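*Asks:* no letters, just coordinates:
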């Protein structure tokens, strides 16, 4: 095999020798750069290529790209020099040690139209790609919680701590699965072999959509473990890289059923997910070569590396703050996840132990918050509010008294629920008309007002920017795309008024008298109803 893209590998030691082997097998290896000549000579004898200095490799017009596997402290300088020399750059994680340096590299690569790719290897692992497909296709239901363990005895470093050495791979996977960046990052660490270098860290992440994650890394662990666990509302999946290939990805179709208003776990046998076997590093190197050849954006490009680096930097700062406060992690076991605010903070309120309530939340007496729900900051819940399972509310949302929000509902910023509103299971609110994942539109949020006594049926969708009138009734599955009159019965896609409803939720006949309470109404216009005093 021979490739028209020629690559020089910079750094041929512990990990670099694997890059040498793979680029050689792909027919792309042109040169090896390393100060330790015996290592270079041995690799050339086995895989071919030429021995060059870094400067000579950059000056060689026959070399199109460099792959950097040097110590992390050198990544920024070497990558910058290579980009300025017109080379495409593959750099092992992390992209740099400072966020500003990473931003500079990204801008430089974009200005010079060079491919900049970061070696987040597990993004090219066939097992992870299949796991990502399971999540994207909804096989696990709504993503709730992700955690990873990357543990081993060694390789202990002195130029970087365990957070920077082990955690980038896991953070890259978690950010890819969740599809957003965390709004909150916390970290604690243990310093057992050196006063200034953490040997053990645990990082906790909270995301805007309510997803939670934690990453536990250690090089002081009695055995090797590389495991990623993904918990959804309908199933769970485990990527265990220590297992044989046919057992690396297991799907657990566990469920939680409700009996007598109590959750009951229903366990199921694990289902192995079959994935064709391939070497992740080979796929990563091949992807880089293809991107250089075609001009495509790498899956783990500089911007993806920057996102991971930003989270790493936030975790490192949290680590420093935790240490200054005397908080440290144990050496051999993952600490429990950060605890949510509990019911004792809110007299007369029931908050399930699996629910999260962020600081800055007001909750009225008699309210209940059930399993796996998340109340974000600056939310006000009135009295006697019932929040079901897997509900996300906030931030900056006001919910009135006596509101019922059933399972699997997200009440986003911009939505206001007045007293007595009923939100059926899995009904949907929006707050932007034309969302794009890559474009921030928080300044374009359009408000939705649901007025007193309104009911929204299961799986109905309320398009943002509209008002639902008092005591209106939205049928299950309807899509509301305009203002709704008071007492209107709305159904269909798009929803249209098909009748009138009383205060009691009974459909009114031609006489406009509630069959349950006898209350009388009259039409005062083609789409206006009022009660007769």
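*Replies:* Alright, I've got the coordinates. Just so you know, these numbers come straight off a predicted model, no measurement behind them.
*Asks:* could you list the domains of this protein?
*Replies:* Split into domains by automatic domain parsing, the chain comes to 7-116+281-294, 123-278+309-324.
*Asks:* so which of those domains gets nearest residue 497?
*Replies:* domain 123-278+309-324 (31.8 Å; CB to CB). Quick note: C-beta positions are derived from backbone N, CA and C, even for glycine.
*Asks:* how distant is the closest one from the center of its chain?
*Replies:* Centre-to-centre, domain 123-278+309-324 and its host chain are 11 Å apart (CA atoms, centre = their mean, to the nearest Å).
*Asks:* those strands in the stretch 251-400 of the chain, which residues are they?
*Replies:* 255-259, 262-266, 271-272, 350-351, 356-357, 362-363, 368-369, 374-375, 380-381, 386-387, 392-393, 398-399 (DSSP state E, counting those that start in this stretch).
*Asks:* what's the answer for the stretch 51-200 of the chain, then?
*Replies:* 65-68, 88-92, 116-119, 143-153, 184-190, 200-206.
*Asks:* can those strands go into JSON lines with extra columns for distance to residue 37 and mean neighbour count?
*Replies:* Putting those into JSON lines (distance: least, CB to CB, whole Å; neighbours: other CB atoms under 10 Å) gives the following:
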{"stretch": "strand 65-68", "distance to residue 37": "19", "mean neighbour count": "25"}
{"stretch": "strand 88-92", "distance to residue 37": "22", "mean neighbour count": "27"}
{"stretch": "strand 116-119", "distance to residue 37": "25", "mean neighbour count": "28"}
{"stretch": "strand 143-153", "distance to residue 37": "30", "mean neighbour count": "21"}
{"stretch": "strand 184-190", "distance to residue 37": "38", "mean neighbour count": "22"}
{"stretch": "strand 200-206", "distance to residue 37": "37", "mean neighbour count": "25"}
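*Asks:* including distance to residue 406 and mean pLDDT, could those go into JSON lines?
*Replies:* Below are those laid out as JSON lines (distance: least, CB to CB, whole Å; pLDDT from 0 to 100):
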{"stretch": "strand 65-68", "distance to residue 406": "52", "mean pLDDT": "97"}
{"stretch": "strand 88-92", "distance to residue 406": "48", "mean pLDDT": "96"}
{"stretch": "strand 116-119", "distance to residue 406": "42", "mean pLDDT": "96"}
{"stretch": "strand 143-153", "distance to residue 406": "17", "mean pLDDT": "92"}
{"stretch": "strand 184-190", "distance to residue 406": "27", "mean pLDDT": "90"}
{"stretch": "strand 200-206", "distance to residue 406": "24", "mean pLDDT": "92"}
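*Asks:* so which of the ones you listed is nearest residue 355?
*Replies:* Closest among these, using CB to CB: strand 143-153, at 11.5 Å.
*Asks:* next, the angle from that closest one to strand 200-206.
*Replies:* Interaxial angle, strand 143-153 versus strand 200-206 (axes from the mean of the first three to the mean of the last three CA atoms, to 10 degrees): 170 degrees.
*Asks:* just checking: what are the partner strands of strand 143-153?
*Replies:* strand 212-218 (parallel), strand 220-232 (antiparallel) (DSSP bridges).
*Asks:* hmm, who's touching that strand?
*Replies:* Identification of contacts with strand 143-153 by CB atoms under 8 Å, 6 or more residues apart in numbering yields 135, 166-167, 169-170, 173-174, 177-178, 209-233, 334, 372, 390.
*Asks:* again, but for stretch 123-137
*Replies:* By CB under 8 Å, 6+ apart, stretch 123-137 touches 122, 140, 143, 172-173, 176-177, 228, 230, 232, 237, 239, 241, 248-249, 251, 273, 275-278, 280-281, 283-284, 287, 299-300.
*Asks:* that'll do, ta.
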